[in-house]
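Trainee: no FASTA, just this:
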């Protein structure tokens, strides 16, 4: 970023500063309310359908993966606390082409989450209607997981309400987050305790080994789904919210001391909550039971947990009432509205900051950089997020957003996760580039072993990109998973073309690794285990380990190569150092 980028927006920085009012608790709650949203209501069900009882490991492994990535982001975000940092750090280190592609993947991710959460709300309400008013003809979500037009109206109303919460200013968002996050910290643990106590009393402990079949029963579909479930069933989607403190960094009162603490605390809390919720779900389900919404589902047929079952609309609710816990059922209905709408609200706020930061770097209209003088909120970004939310809800209603794993919720989470994890790759690269170019930069959080953490975070991101796109690549159902990567490339170039005063040859040289990384994933998708083209797909596996595909190891080796390429192709040290110093001197927050 340079002064020209700011003046190029046609807006002065001084008149468009954000309100600096977030303490450690506020940053933590911003991240946690984004993490504990609809993921806790549906993620356990979806993950169990993919991996059986071994889905418990999916949450632990997924959480550890995200923690490694979060550590890389902790150092750079505390050293350079700016709004919408995910997209902008790439501009500092690799220029416009890399930044525009990563910016667009971040925007795609954040701007779609409010629609995901709004769909979750109407799905929860549909489950409650089906149980408490079975004679009702009102349909908010059908048996395929697709919202009706009535569902769109209800979801749109909730979206409008929390658009207003964000519109009135940061204080409204902070207060809403506080109340909703306290609720989220109380209800899931209560649900876990009660479900496990009553589930084990009913003898459902045998579910953990699918009827006493040992490890084969614990992991009935092998090792592969434990990992491939991470981006496709809501695991990584649930943890995406960890980066909220990064996007809100310019509004932190003490970014140096608070952001890294908030990031780590959010991830650790998420690991604990989601692992226990999966344990509770596995240990409390009764197969082939109308009371549990699983009629016709044979015992331990985990892959049969689909959209056709009544339980799909509200998994934990059906477990609670099936165990005779009517009061818990009522509380869960309330939580079914509170948890997703809290996440919806936070993402509406953070998306506007991402658009603000992207505009400040010159890749969007200057209108996204403009801040309301009264509320200190980027209004155009907020309005755009609300409009896109309505568009996605309508798209879901007409059946354009459906996946083989579930209905509209699963399709949206899979797409959001794939684009989201792609934006993770710049964190570990910027970590090393910042260390090399600016050794004297003040680092309130200094990550030990940063080079090792950096390459591990990059490898993890690479695997998640591949698994996420592959999980969407289902022939004859929704064979477009890999193609979303092409969309990212094409639209990213459009953003680059919008900017002025760019050195194309220089930016292409430094950013080529991003383009080739995406193209590599397309090739791997075409010939790997997720290929939608059976005649081209290979079925290579590691000898003696039939469930571990060779393409995973190819992806790991390739990720190391791309990581080294990214470090090698970064801008000269003095240019990166200048960009960092400029961003720090031109503070974006005001008291």
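Mentor: Happy to help now that I have it. Keep in mind it's a predicted model, so treat the numbers as computed, not measured. Residues are numbered from 1 along each chain as shown.
Trainee: where does pLDDT dip in this protein?
Mentor: Scanning the chain for pLDDT under 70 picks out 1-17, 19, 143-145, 307-308, 399-411, 471-486, 499-500, 532-548, 586-591.
Trainee: tell me the contacts of the residue most central in space within it?
Mentor: Here the mean C-alpha position of the chain is nearest to the C-alpha of residue 240 (Cα atoms, centre = their mean), at a distance of 3.0 Å. If you count contacts by Cβ atoms under 8 Å, 6 or more residues apart in numbering, residue 240 has them with 34-35, 109, 113, 416-417, 420. C-beta: built from backbone N, CA, C; applies to glycine.
Trainee: identify, from these, the entry nearest to residue 323.
Mentor: Nearest to residue 323 among those: residue 35, at 26.7 Å, using Cβ to Cβ.
Trainee: which helices and strands does the helix or strand residue 316 falls within pack with?
Mentor: Using DSSP states H and E, residue 316 sits within helix 315-322. Applying 3 or more Cβ pairs under 8 Å, 6 or more residues apart in numbering; DSSP states H and E, one finds that helix 315-322 contacts helix 38-51, helix 85-132, helix 170-201, helix 255-282, helix 326-360.
Trainee: name all residues that make contact with the closest residue to residue 220 other than its chain neighbours.
Mentor: Leaving aside its chain neighbours, residue 220 sits nearest to residue 52 (4.4 Å; criterion: Cβ to Cβ, 6 or more residues apart in numbering). Residues near residue 52 by Cβ under 8 Å, 6+ apart: 210, 217-221, 225, 300, 302.
Trainee: follow-up on the earlier one: residues making contact with the helix holding residue 316?
Mentor: Under the criterion Cβ under 8 Å, 6+ apart, residues 41-42, 44-45, 124, 127-128, 131, 191, 194-195, 199, 277, 280-281, 284-286, 289, 291-294, 310-311, 326, 328-329, 332-333, 336 lie in contact with helix 315-322.
Trainee: cool, and stretch 251-269?
Mentor: Applying Cβ under 8 Å, 6+ apart, the contact partners of stretch 251-269 are 18-24, 27-28, 30-32, 35, 63, 66-67, 70-71, 73-75, 77-79, 81, 83, 170, 239, 241-246, 249, 353, 442, 444-445, 589.
Trainee: burial of residue 508, as a residue count?
Mentor: Look at residue 508: counted by other Cβ atoms under 10 Å, it has 15 neighbours.
Trainee: next one: residue 376 from residue 467, what distance?
Mentor: To residue 467, residue 376 is 40 Å away according to Cβ to Cβ, to the nearest Å.
Trainee: and residue 460, by the same measure?
Mentor: According to Cβ to Cβ, residue 460 and residue 467 sit 11 Å apart.
Trainee: check residue 157 too.
Mentor: Noted for residue 157: a distance of 35 Å to residue 467, by Cβ to Cβ.
Trainee: between those two, which one's more packed in?
Mentor: residue 467 (25 against 11).
Trainee: secondary structure element holding the more buried one?
Mentor: helix 450-472.
Trainee: mind giving me the packing neighbours of that helix?
Mentor: Judged by 3+ Cβ pairs under 8 Å, 6+ apart, helix 450-472 is in contact with helix 55-79, helix 224-232, helix 408-424, helix 426-437, helix 483-498, helix 504-527, helix 550-568.
Trainee: how does it look with 10 Å?
Mentor: Under the contact definition 3 or more Cβ pairs under 10 Å, 6 or more residues apart in numbering; DSSP states H and E, helix 450-472 sits against helix 55-79, helix 224-232, helix 235-239, helix 408-424, helix 426-437, helix 483-498, helix 504-527, helix 550-568.
Trainee: any idea whether the residue in the chain sticking out farthest from the centre is helix, strand or coil?
Mentor: For the chain, the largest distance from the centre (Cα atoms, centre = their mean) belongs to residue 135, which lies 37.0 Å off. Secondary structure for residue 135, judged by DSSP: H, G, I helix; E, B strand; the rest coil, is coil.
Trainee: same check, this time on the one 4 residues further on
Mentor: Secondary structure, three-state DSSP: residue 139 is coil.
Trainee: roughly how far does it sit from residue 159?
Mentor: Residue 139 is 20 Å from residue 159, by Cβ to Cβ.
Trainee: got it, and residue 31?
Mentor: Residue 31 is 21 Å from residue 159, where distance means Cβ to Cβ.
Trainee: which of those two has more neighbours?
Mentor: More crowded of residue 31 and residue 159, by other Cβ under 10 Å: residue 31, with 33 against 24.
Trainee: surely the more buried one meets residue 238?
Mentor: No: between residue 31 and residue 238 there is no contact under Cβ atoms under 10 Å: 11.8 Å.
Trainee: who touches both of those two?
Mentor: Taking Cβ atoms under 10 Å, 6 or more residues apart in numbering as the criterion, residue 31 and residue 238 both touch residue 270.
Trainee: coming back round to it: turn the buried ones among the contacts of helix 315-322 into a named ChimeraX selection, would you?
Mentor: Those of the contacts of helix 315-322 that count as buried under 16 or more other Cβ atoms under 10 Å are selected in ChimeraX with:
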select :41,42,44,45,124,127,128,131,191,194,195,199,277,280,281,284,285,286,292,293,294,310,311,328,329,332,333,336
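Trainee: nearest to residue 174, of the helices and strands packed on helix 450-472?
Mentor: Distance to residue 174, taken as Cβ to Cβ, is lowest for helix 55-79 among those, at 19.2 Å.
Trainee: and the angle for that closest one with helix 450-472?
Mentor: Relative orientation of helix 55-79 versus helix 450-472 (axes from the mean of the first three to the mean of the last three Cα atoms, to 10 degrees): 130 degrees.
Trainee: check contacts around residue 218.
Mentor: 51-57, 207-210, 282.
Trainee: cool, and residue 368?
Mentor: 9, 11, 84, 352, 354-360, 378-382, 384.
Trainee: so what's the residue count around the residue nearest to it when sequence neighbours are not counted?
Mentor: Distances taken as Cβ to Cβ, 6+ apart place residue 359 nearest to residue 368, at 3.7 Å, with adjacent residues excluded. By other Cβ under 10 Å, 26 other residues sit near residue 359.
Trainee: may I see the contacts of residue 52 arranged in CSV, with distance to residue 389 as well?
Mentor: Formatted as CSV, the contacts of residue 52 follow (distance: Cβ to Cβ, whole Å):
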residue, distance to residue 389
210, 40
217, 42
218, 39
219, 38
220, 38
221, 35
225, 31
300, 39
302, 33
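Trainee: quick one: which of those residues is nearest to residue 364?
Mentor: Of all those, the one with the least separation from residue 364 (Cβ to Cβ) is residue 225, at 39.0 Å.
Trainee: am I right that residue 34 sits in a helix?
Mentor: Yes: according to three-state DSSP, residue 34 belongs to a helix.
Trainee: isn't it up against residue 246?
Mentor: No: between residue 34 and residue 246 there is no contact under Cβ under 10 Å: 11.4 Å.
Trainee: identify the contacts common to those two.
Mentor: Common neighbours of residue 34 and residue 246 (Cβ under 10 Å, 6+ apart) are residue 350.
Trainee: residue 134 and residue 126, how far apart?
Mentor: Residue 134 is 12 Å from residue 126, by Cβ to Cβ.
Trainee: actually, residue 96.
Mentor: Residue 96 is 45 Å from residue 126, by Cβ to Cβ.
Trainee: who's more crowded, these two?
Mentor: Remark: of residue 96 and residue 126, residue 96 carries more neighbours, 29 against 26, as counted by other Cβ under 10 Å.
Trainee: how about the more buried one, what does it touch?
Mentor: Shown in contact with residue 96 (Cβ under 10 Å, 6+ apart): 90, 103, 361-363, 492-493, 495-499, 501-504, 506-508, 510-511.
Trainee: same check on residue 55?
Mentor: Residues in contact with residue 55 (Cβ under 10 Å, 6+ apart) are 43-49, 218-219, 225-226, 229, 233, 235, 275, 278-279, 281-282, 302.
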